[in-house]
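Asks: let me see the structure of the following:
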Amino acid sequence: PFPPDGSGSYYPSTDSSGNFDIGVSAGTWNIALESERTAASNLVSFSINLPVVDNVNQSGLVFVALRATQQITGFVREGSTGITNVQMYGNATINGTNYLSGASYTDGSGNYVLKVVNGSWNVQLNNFDLNQRGFVSANNQTVVINNAAGVANFSLTRYSNTISLANPRLQGSQFSLDATGDSGR
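Replies: Below is the predicted model:
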């Protein structure tokens, strides 16, 4: 199972033939290649949810990673200043299988590269991390790759940190007012 904190994650290595063996408990497990090694190996990973039943071995499963043939490039900036170390992701459904680009991080100028194949890619960044840095969440972008590279640029804005208070009311011993600020803040 894939809890947000990663506590149920396992990272087995494949043997020289690409096989792996791991014991898990019942549940639905997400199987994919580890994202940083995927990118370093110029691969695009599959992402498959596999139901597992206790005491039932599943063997002979074949998962196919694709060799990256194209790339999506872009920048993450606030004005003209690049935002460094932002984790970027890409995913696409191709012939019924969900594929993931390896994770990429923006460099010192805010630039990034995602390795992909032909398809319609949903490009996104780690908004949780950006929110912690004071930035408003960025919308995902769709980039269609058809035998040529693609581009997805992200221009960020900071939260205003302004909260407006209005319409104070007193009803009996209860005081209330309206507070307005940035969404998600």
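
Asks: lowest average confidence across helices and strands of the chain, where is it?
Replies: helix 35-40 (a mean of 82; mean pLDDT, DSSP states H and E).

Asks: contacts for it next, please.
Replies: 44, 45, 65, 100, 101, 102, 103, 104, 115 (C-beta atoms under 8 Å, 6 or more residues apart in numbering). For every residue, glycine as well, the C-beta is placed using N, CA and C.

Asks: repeat that for 6 Å
Replies: Contacts with helix 35-40, where a contact means C-beta atoms under 6 Å, 6 or more residues apart in numbering, come from 45, 102, 103, 115.

Asks: over to stretch 117-131?
Replies: Contacts for stretch 117-131 (C-beta under 6 Å, 6+ apart): 44, 66, 69, 72, 86-92, 94, 137-138, 140-146, 152.

Asks: are any of the contacts of helix 35-40 buried, and which?
Replies: Neighbour-count burial (16 or more other C-beta atoms under 10 Å) is assigned, among the contacts of helix 35-40, to 45, 102, 103, 115.

Asks: from the residues you listed, which is closest to residue 19?
Replies: residue 45 (16.7 Å; C-beta to C-beta).

Asks: next up, phi/psi of that closest one, please.
Replies: As for residue 45, its main-chain torsions (degrees, to the nearest 10) stand at phi -90, psi 150.

Asks: and it, bridged to which residues?
Replies: When assigned by DSSP bridges, residue 45 has beta-bridge partners residue 100.

Asks: just checking, it touches residue 32?
Replies: Yes. Between residue 45 and residue 32 there is a contact at 4.9 Å, judged by C-beta atoms under 6 Å.

Asks: buried ones in the least confident helix or strand of the chain?
Replies: Under 16+ other C-beta under 10 Å, the buried positions of helix 35-40 are 35, 38, 39.

Asks: thinking again about what came up before, now the buried ones among the contacts of helix 35-40 in JSON lines, with distance to residue 26, pLDDT and secondary structure?
Replies: Formatted as JSON lines, the buried ones among the contacts of helix 35-40 follow (distance: C-beta to C-beta, whole Å; pLDDT from 0 to 100; DSSP: H, G, I helix; E, B strand; the rest coil):
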{"residue": "45", "distance to residue 26": "24", "pLDDT": "90", "secondary structure": "strand"}
{"residue": "102", "distance to residue 26": "30", "pLDDT": "81", "secondary structure": "coil"}
{"residue": "103", "distance to residue 26": "29", "pLDDT": "81", "secondary structure": "coil"}
{"residue": "115", "distance to residue 26": "34", "pLDDT": "95", "secondary structure": "strand"}
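
Asks: quick one: pLDDT of the residue sitting nearest the centre point of the chain?
Replies: Of all residues in the chain, the one closest to the mean position by C-alpha atoms, centre = their mean is residue 89, 4.2 Å from it. Note on residue 89: pLDDT of 91.
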